[in-house]
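Undergrad: Structure for the following, please:
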Amino acid sequence: MILEHALLQVDPALSEEFENAFATAKAIISAVPGFIRLRLSHCMESPQQYLLLVEWESLEAHTVVFRQSEGYQRWRELLHRFYDPFPTVEHYETVFEEGAGT
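TA: Below is the predicted model:
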């Protein structure tokens, strides 16, 4: 499993519009082969900041399958206009995991 991490900077005045657009966009990404789950969180201390975490079966599921899909073009249309600056996306592999049920 690969964890995609993106720190999104969105003007707080556009937060509601961004979240509504994201509610539409999440159906696009969740239909991609290799998608597992996502979480979008809004920072309590920095209202311009969101954290997007997406779990993928493989790096290629994100960087090839999703990014080369028609759905990605729609994702871009819905969301990319909100980001200033454009986010850096990074991918992580789990080294350790602990918690209830693990």
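
Undergrad: Report all helices and strands that the lengthiest helix in the chain contacts.
TA: The longest helix of the chain (DSSP state H) is helix 15-30. Judged by 3 or more Cβ pairs under 8 Å, 6 or more residues apart in numbering; DSSP states H and E, helix 15-30 is in contact with strand 35-42, helix 70-79. For every residue, glycine as well, the C-beta is placed using N, CA and C.

Undergrad: what sits up against it?
TA: 10, 35, 38, 40, 42, 47, 50, 54, 66, 71-72, 74-75, 78-79, 82 (Cβ atoms under 8 Å, 6 or more residues apart in numbering).

Undergrad: just to revisit the earlier point, so which of the helices and strands packed on helix 15-30 gets nearest His62?
TA: Closest of the helices and strands packed on helix 15-30 to His62 is strand 35-42, at 8.4 Å (criterion: Cβ to Cβ).

Undergrad: Given that closest one, what are its sheet partners and their directions?
TA: Here strand 35-42 has these sheet partners by DSSP bridges: strand 49-56 (antiparallel).

Undergrad: what number of residues lie near the nearest residue to Leu59 once chain neighbours are set aside?
TA: Nearest non-adjacent residue to Leu59, counting by Cβ to Cβ, 6 or more residues apart in numbering: Ile2, 5.2 Å away. For Ile2, the number of neighbouring residues by other Cβ atoms under 10 Å comes to 19.

Undergrad: my guess is Ile2 meets Phe66, correct?
TA: No - counting by Cβ atoms under 8 Å, Phe66 is not a contact partner of Ile2; they are 11.8 Å apart.

Undergrad: Residues in a beta bridge with the residue positioned nearest the centre of the chain, which ones?
TA: Nearest to the geometric centre of the chain sits Leu52, at 4.0 Å (Cα atoms, centre = their mean). Beta-bridge pairing of Leu52 under DSSP bridges involves Ala6, Leu40.
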